[in-house]
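*Asks:* following is a predicted model, sequence given first.
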Amino acid sequence: MISVDCDITTICLVKQDDLGYLLKLGGGSLLGAAAIKYGSALFPVITTPNILQALTMIFAPVIVAVLLLIKKSSVE
């Protein structure tokens with residue numbers, strides 16, 4: 001059941017906590033979009049290709065997950 005703290009004289013569509021979350025989410029989205037669009041102009045080093053760094057970013061989480069699964073399965 002959804003409960004909203006409003007009385008008859010006020011119109012409440014969203015709770016204050018939800019409104020704060022939505023504002024943070026929207027602000028973060030705008031900052032992320034600006035960083036993606038204008039990041040290469042401000043920091044050109046982030047757009048230089050580096051295959052070793054790219055492969056590390058791709059395979060590191062997979063390797064960590066596999067090692068954690070192996071560790072968990074050997075304990076039980």
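*Replies:* That came in fine, so what should we check first?
*Asks:* look up how far Tyr38 lies from Pro44.
*Replies:* When CB to CB, to the nearest Å is the yardstick, Pro44 and Tyr38 sit 12 Å from each other. For every residue, glycine as well, the C-beta is placed using N, CA and C.
*Asks:* Phe59 now?
*Replies:* Phe59 sits 30 Å away from Tyr38 when distances are taken as CB to CB.
*Asks:* how about Ile70?
*Replies:* From Ile70 across to Tyr38, the span is 43 Å (CB to CB).
*Asks:* next one: Thr48
*Replies:* Plainly put, Thr48 is 17 Å away from Tyr38 if you go by CB to CB.
*Asks:* likewise for Ala60?
*Replies:* Computed with CB to CB, the distance linking Ala60 and Tyr38 is 28 Å.
*Asks:* which secondary element of this protein has the worst mean pLDDT?
*Replies:* The weakest-scoring helix or strand in the chain, judged by mean pLDDT, DSSP states H and E, is helix 16-42 (a mean of 89).
*Asks:* and the next helix or strand past that one?
*Replies:* Per DSSP states H and E, the first helix or strand lying C-terminal to helix 16-42 is helix 51-75.
*Asks:* and the average pLDDT for that following helix is what?
*Replies:* Across helix 51-75, pLDDT averages out at 93.
*Asks:* return the distance of that helix from the chain's centre.
*Replies:* Once both centres are worked out by CA atoms, centre = their mean, to the nearest Å, helix 51-75 turns out to sit 20 Å from its chain's centre.
*Asks:* equivalent analysis for stretch 16-31, please.
*Replies:* Stretch 16-31 has its average C-alpha position 12 Å from the chain's average C-alpha position, going by CA atoms, centre = their mean.
*Asks:* same check on stretch 35-51?
*Replies:* Offset of stretch 35-51 from its chain centre (CA atoms, centre = their mean): 19 Å.
*Asks:* mind checking the end-to-end distance for that stretch?
*Replies:* From the first residue to the last, stretch 35-51 extends over 22 Å; the measure is CA to CA, to the nearest Å.
*Asks:* gap between Ser74 and Leu25?
*Replies:* Relative to Leu25, and taking CB to CB, Ser74 is found at 40 Å.
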